[in-house]
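[1] pasting the structure only:
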């Protein structure tokens, strides 16, 4: 026997730890350190650390979350969309979509902050702009402006048609069909 370590201490330590953790090569190294001349203090310390490790492992059991982990793994490793030969995103099969509903949503999202919900140029962000945003309900403007000019202002921005550059270009955000439908929506404000 090593100095300062009794057989009972060895037996208790081995019994406690072997019930908690599987005994492996790493455990043999710890046991050698525990039976050194330091004595029972190390044995107690290692048993305490082992108990703490086991209690922590029991508190976090990842098995209920494995389905979520698998779902996240599949999502992270899914094939990325690639552009078509024309450089466009591939169409997604979402069924029939009402273009008027889409345009109404996008008008609220992109246009109403400046032009207002009713197209009168009284949007919250538009109040800070100089010159003020266009009032689409102005009958003279509706009569003097053709659809192509409105289309170009939406697609390429105000500066592209000789207007103020504070009118942003939305050609990269809206499809040509959506811009045409937006022009039709603007025409209904008169």
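    Received the coordinates, thanks. Just so we're clear, the structure is a prediction, and the values are computed from it rather than from any experiment.
[2] In terms of pLDDT, where does residue 73 sit?
    Listed pLDDT for residue 73 reads 78.
[3] what's near enough to touch residue 166?
    129, 158 (CB atoms under 8 Å, 6 or more residues apart in numbering). To be clear about C-beta, it is placed using only N, CA and C from the backbone, and glycine gets the same treatment.
[4] likewise residue 116?
    Residue 116 makes contact with 122, 123, 126, 133, according to CB under 8 Å, 6+ apart.
[5] Save the residues you listed as JSON lines, and put in secondary structure too.
    JSON lines is the format used below for the contacts of residue 116 (DSSP: H, G, I helix; E, B strand; the rest coil):
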{"residue": "122", "secondary structure": "coil"}
{"residue": "123", "secondary structure": "coil"}
{"residue": "126", "secondary structure": "helix"}
{"residue": "133", "secondary structure": "coil"}
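[6] which stretches of this protein have low pLDDT?
    By pLDDT under 70, the low-scoring segments of the chain are 1-42, 54-62, 92-97.
[7] Can you give the domain ranges for it?
    Domain segmentation of the chain under automatic domain parsing yields 1-78, 99-187.
[8] how far does the longest one stretch from start to finish?
    Taking CA to CA, to the nearest Å as the measure, domain 99-187 stretches 16 Å from start to finish.
[9] Distance from that domain to the middle of the chain?
    Relative to the centre of its chain, domain 99-187 is centred 30 Å away, using CA atoms, centre = their mean, to the nearest Å.
[10] where does the nearest residue to residue 84 once chain neighbours are set aside land in three-state SS?
    Once flanking residues are discounted, residue 84 sits nearest to residue 90: 5.7 Å by CB to CB, 6 or more residues apart in numbering. Judged by three-state DSSP, the three-state class of residue 90 is coil.
[11] Nothing else from me, thank you.
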